[in-house]
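> prediction below, plus the sequence it came from.
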Amino acid sequence: MQLPVLSLPRAVPVQKERQPKENIPQTRAEREYLRSNLRSFIAEHKPVPPLSTQELRHLSEQFVSEHDIDPKYVDYTIVLLNGEVWRDQLATVPFERRLLLLPKCLRIEDKCPAPFDEFGLLCKQCGLCTIQELQEEAENLGYAVLVAEGSALVMAIIETGKIDAIVGVSCLSVLEKAHPYMEAAAIPGVAIPLLQDDCKDVTVDLEWIWEVIHLTSEDRTYRLNLDELRKEVKAWFEPSQLDTIMGPAKNETERLARSWLAKDGKRWRPFLTACVWKALNPDADLAMPDSLKKLAVAAECFHKASLVHDDIEDGDDFRYGEPTLHAEHGVAVALNLGDLLLGDGYALIGDCDIPDRQRASILRVATSGHRTLCLGQGAEFQWARNPRPLASLEVLDIFRQKTSPAFEVALLFGANLVQHDPDTCQTISEFSEALGIAYQIRDDVEDMNNGSATNDLVAGRPSLPLAILYERVKANPAELEIVERAWRRQSTSEDLAKIDSLFHEYGIGDRCRSLQESYKEQAIRCLAKLDNTSLKGLLRRVISKIFIMEVKDWCSEFEARNATGRPTVTGHVGGLNAVSG
């Protein structure tokens, strides 16, 4: 096997589960549902900030009633509503005129080495909690950052005249007390509530904080409703729209291939193609052209073809809860349909109404992705002929070759349709590699937990959880022997049950999730190289959509970097020393 070219990111620390606050939604999906519907509600009612507490409560109760939401979320909705009302104004304020206010209870209190001064916590960059990462990112953008809390401090900061907008993180009770000061000053502010309010080792929706601190009017896409865009893209795969985009199916073979293309799926790849086109196009409101739809469908054709061939090669009989193509129609028919989908993808590229130079670039992207995927599958075949234990890096390198190319192809299709520069395309490639690995790690963890006959352990395929377990049990000969048999595809049912137990005993799921978060962070760091604010902002939000998940089990989402030589909080804030009294 080719030696891996990856380095293993440092794992993200995991916090013990915290007791959730019952009047705060605990999943990102629930919170995103509320925020998305609130934006529509605001667009309809057009409230003008600043809003008094009474006005906010009235609107919140109206919203909760209209959407049949549990009334216990009224207070939480008030905070969301106020933030969404100020969202556009915040986006126009330069980063260097904004303050990020973080609560000290985000730290791990029993282990935190940081001292306090008159303004709050002076982070020591120990990497134990999320404060370091958020503070570094915000200060790099130009924010002033304080790790403190209290309505009096908020008012004192406003009175200095050095801050024109505040992004605040705190518990609901503190946010309620601070609101009158913000209202009186008519200063744009977006608040992110903590997920608990017991003032120790709390958690917060980190994806939401990252989204808000990066808000800027230079990003033409920040008001783009990604959920609506994804629905529109998914609609392109309805039979009638596929006929419009690809032409009607003329025979049974085309109908079978088209049916497989239209089957269930997350449609992340065509969605990514549309997102990049939206971000790079000077007119964000321009209707999506037919060439974009053809390229998006082509990206899905390539992906679905790879699934057909992958199912045959792995001997999987089910996908999307239904029989696979080869299980239903036979291997020969499935192989032919997979090949047809590949041909359809290239035909769609050829049908795009674009200059020849663009078409050539897009074809190079498609063929390169196709080759890399096949090489990754070939590496897995070589292992299957002589199965042996694989190191984590070797498994991750297979992920890099098998999963990342599909994301890269989809993203670069959108970029090349707008004829973007090579540096941007190179950054997109690096972003895609990290994103693809993180995505496949998540699939491996879900696979490990589902206990079905199609999971990697039962099917005898390279698995990251099994690779990590092999590294953990080397000191125990009896356990090592069981894991080695799994790697050599010689497991008994008793072995599989024991390995499942060892996964839990050694915390393999937590380790995998930590690696997933580290590769997510690697993808995020790639975005810093982008000069296009709209593309940077949109791809950052896309990551949140792809990896929407519960956050209550996490202390830190990101790999901590032990930065040195950074100015202290009070030094960065500068003139705020005048308000210490």
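Thanks, I have the structure now.
> backbone dihedrals for Val169, please?
phi -120, psi 120 (degrees, to the nearest 10).
> not counting sequence-adjacent ones, nearest residue to it?
Ile192 (4.8 Å; CB to CB, 6 or more residues apart in numbering). Bear in mind the C-beta positions are built from the backbone N, C-alpha and C, glycine included.
> and the contacts of the host helix or strand of the one you found?
Here Ile192 sits within strand 189-193, counting by DSSP states H and E. Applying CB atoms under 8 Å, 6 or more residues apart in numbering, the set of residues contacting strand 189-193 from outside is 24, 76, 79, 82-83, 86-87, 90, 165-172, 175, 178, 182, 204-205, 208-209, 212, 215.
> strand partners (parallel or antiparallel) of it?
Applying DSSP bridges, strand 189-193 is found paired with strand 165-170 (parallel).
> which element follows the strand it pairs with toward the C-terminus?
Later in the chain than strand 165-170, the nearest helix or strand by DSSP H and E is helix 172-185.
> and that next one, what does it pack onto?
Using 3 or more CB pairs under 8 Å, 6 or more residues apart in numbering; DSSP states H and E as the contact test, the elements touching helix 172-185 are helix 53-66, helix 74-92, helix 151-159, strand 165-170, strand 189-193.
> just the CA atoms of the longest one, as PDB, please.
Once side chains and other backbone atoms are set aside, the C-alpha atoms of helix 74-92 remain, and they are given as PDB (Å, rounded to 0.1, in the frame of the first residue of the first chain):
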ATOM      1  CA  VAL A  74     -40.400  31.600  25.200                       C
ATOM      2  CA  ASP A  75     -37.400  33.000  27.100                       C
ATOM      3  CA  TYR A  76     -34.900  31.300  24.900                       C
ATOM      4  CA  THR A  77     -36.800  32.600  21.800                       C
ATOM      5  CA  ILE A  78     -36.700  36.100  23.200                       C
ATOM      6  CA  VAL A  79     -32.900  36.000  23.100                       C
ATOM      7  CA  LEU A  80     -32.900  34.500  19.600                       C
ATOM      8  CA  LEU A  81     -35.400  37.000  18.300                       C
ATOM      9  CA  ASN A  82     -33.400  40.000  19.600                       C
ATOM     10  CA  GLY A  83     -30.200  38.600  18.000                       C
ATOM     11  CA  GLU A  84     -31.900  38.000  14.600                       C
ATOM     12  CA  VAL A  85     -33.400  41.500  14.600                       C
ATOM     13  CA  TRP A  86     -29.900  43.000  15.000                       C
ATOM     14  CA  ARG A  87     -28.200  40.500  12.700                       C
ATOM     15  CA  ASP A  88     -28.000  42.800   9.600                       C
ATOM     16  CA  GLN A  89     -26.700  45.800  11.600                       C
ATOM     17  CA  LEU A  90     -24.100  43.700  13.300                       C
ATOM     18  CA  ALA A  91     -22.800  42.600   9.900                       C
ATOM     19  CA  THR A  92     -22.100  46.200   8.900                       C
END
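> may I see the buried residues of it?
74-87, 89-91 (16 or more other CB atoms under 10 Å).
> elements contacting it?
Contact partners of helix 74-92 among helices and strands, from 3+ CB pairs under 8 Å, 6+ apart: helix 28-45, helix 53-66, strand 165-170, helix 172-185, strand 189-193.
> angle of the helix or strand that comes right after that helix against strand 189-193?
Per DSSP H and E, the first helix or strand lying C-terminal to helix 74-92 is strand 98-102. With axes from the mean of the first three to the mean of the last three CA atoms, to 10 degrees applied, the angle from strand 98-102 to strand 189-193 works out at 20 degrees.
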